[in-house]
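Visitor: 3D model of this:
(2 chains)
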Amino acid sequence: MTVPLDDESLPRDNGELVFEAPWQARALGIAIAVVERLGLPWDAFRHRLMAAIASDPKRPYYESWSEALESLVIDMNLATPEVLDAATPTERAPL
Amino acid sequence: MADHHHPQTLAPVEARIAAIEAVLVEKGILDVDAVDQVVQHFEDNLGPMNGAKVVARAWTDPQYKDRLLEDGTAAIAELGFGGPEGEYVVVLENTPEVHNLVVCTLCSCYPWPILGLPPKWYKAPAYRSRAVREPRKLLAEMGSAIPDDVEIRVWDSSAEARYLVLPMRPGGTEDLSEQELAGVVTRDSMIGVQRL
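Guide: Got it, this is the predicted structure:
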C-alpha cells in the first residue's frame, strides 16, 4: 500500500475496456443525448433495452442497445426504417 | 483480385448506429458535439473512482456512513456525484455475517455516477442468471470464496433502485488516509463479486 494515489490511479475499470469499439460509445452517447433532447425519463430507453435483450438474450449487448435505440427513434417519429436504410453506409467513413 | 484500397467493411450494427446518428443530426435533433460530450463525460468523469471515494469516506467518517446507509443518493450527492442511473441509490453494508451481491437480471442497470458503465460480464446472460440461482458457486469461480457461515444476499437492480455495496474495511489499513483508502477499493468489491 505504498503506491501514491491520485484521481488517475484510483480504480477505474479494473483493466477492462468499457467500450470494445468506438461505435459502441457513439451508440451510448446518441441514446443519452436523444432522451435528454426529448425530455424523456431514462426509463423510456431502459424499458426498450430490457425488451430488446429479452427478445434475444444471447445477442451481443450493444446490438440490443442499437435495436432499442432504433425503436425509440422510430416510435418518436424521428425517422422511418426507410430513411434509416437509405442513410446506412456500407463502408466506414475515412478518418 | 486483391483490393488495394482495403475498404473497411462495416458490421451491420455499426452501420445502423452511424445511420441513426446521421439522420438525427440532419434533422437537427442531435448535434455531434452533444454526443461527443456525453461520451467524454463517461470516459473522464464517471467510474469506480467515484464509488471508491464514497466507500473511503464511509470507512473514515461514521456519521457519513450512517447518512450513506440511511439515504444513499443524498450522501453520494454530498461528494458531488449524481445524475442518470443514480437517482435512487441504496447502499448495502457487508458485515462479517452478510455478504451482498448486485445483479441486474433483466438488462444492465448499474449506478453510473459512482461506478461508470458496467463491465462486460455484468451484462452477460450467465452472470445475470447465475448470480440469483447459485451465487456462492459463481462467486467462488470469480475468485471470491464466501465462507459457508456468511449469508449471501442478492439484490436485483431491475426495479427502481441502483445498489452500491459497502465492502468491509480490510485489516491493516488503520494508518491509511481517506485518499489512500479509496485506492484500496475496487470496482468488483462495490458490486459484491470480490471481498477486499
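Visitor: Wasn't B:V91 part of a helix?
Guide: No - using DSSP: H, G, I helix; E, B strand; the rest coil, the assignment for B:V91 is strand, not a helix.
Visitor: That one: neighbour count?
Guide: Using other Cβ atoms under 10 Å in any protein chain shown, B:V91 has 26 other residues around it. For glycine as for every other residue, the C-beta is placed from the backbone atoms N, C-alpha and C.
Visitor: was I right about it contacting B:L69?
Guide: Yes - taking contacts as Cβ atoms under 8 Å, B:V91 lies within contact range of B:L69: 5.6 Å.
Visitor: ok, now how distant is B:N50 from B:C109?
Guide: The spacing between B:N50 and B:C109, counted by Cβ to Cβ, to the nearest Å, is 17 Å.
Visitor: Check B:G86 too.
Guide: 11 Å.
Visitor: show me what contacts B:I191?
Guide: B:L101, B:V102, B:L115, B:Y122, B:V165 (Cβ atoms under 8 Å, 6 or more residues apart in numbering or on different chains).
Visitor: Please apply the same query to A:A21.
Guide: Going by Cβ under 8 Å, 6+ apart, A:A21 touches B:E14.
Visitor: Quickly find the element holding B:S189.
Guide: helix B:187-191 (DSSP states H and E).
Visitor: Please look at A:L69 and B:I20 and confirm they touch.
Guide: Yes - assessed by Cβ under 8 Å, A:L69 is found in contact with B:I20 at 6.1 Å.
Visitor: Now list whatever residues contact both of those two.
Guide: With Cβ under 8 Å, 6+ apart, A:L69 and B:I20 have common neighbours A:I30.
Visitor: Any idea which residue is closest to the centre of chain B?
Guide: Centroid check for chain B by Cα atoms, centre = their mean gives B:L115 as the closest residue, at 3.6 Å.
Visitor: wait, is B:E174 part of a helix?
Guide: No - under three-state DSSP, B:E174 sits outside any helix and is assigned coil.
Visitor: That one and chain A: what is the separation?
Guide: In this view, B:E174 and chain A are 11 Å apart by Cβ to the nearest Cβ, to the nearest Å.
Visitor: Likewise for B:E178?
Guide: 10 Å.
Visitor: what bits of chain A have low per-residue confidence?
Guide: A:1-17, A:93-95 (pLDDT under 70).
Visitor: ok, longest helix in it?
Guide: helix A:22-38 (DSSP state H).
Visitor: Just give me how far the helix or strand just after that helix sits from the chain centre.
Guide: Sequence order places helix A:43-55 as the next helix or strand after helix A:22-38, per DSSP H and E. Computed by Cα atoms, centre = their mean, to the nearest Å, the chain-centroid distance of helix A:43-55 equals 12 Å.
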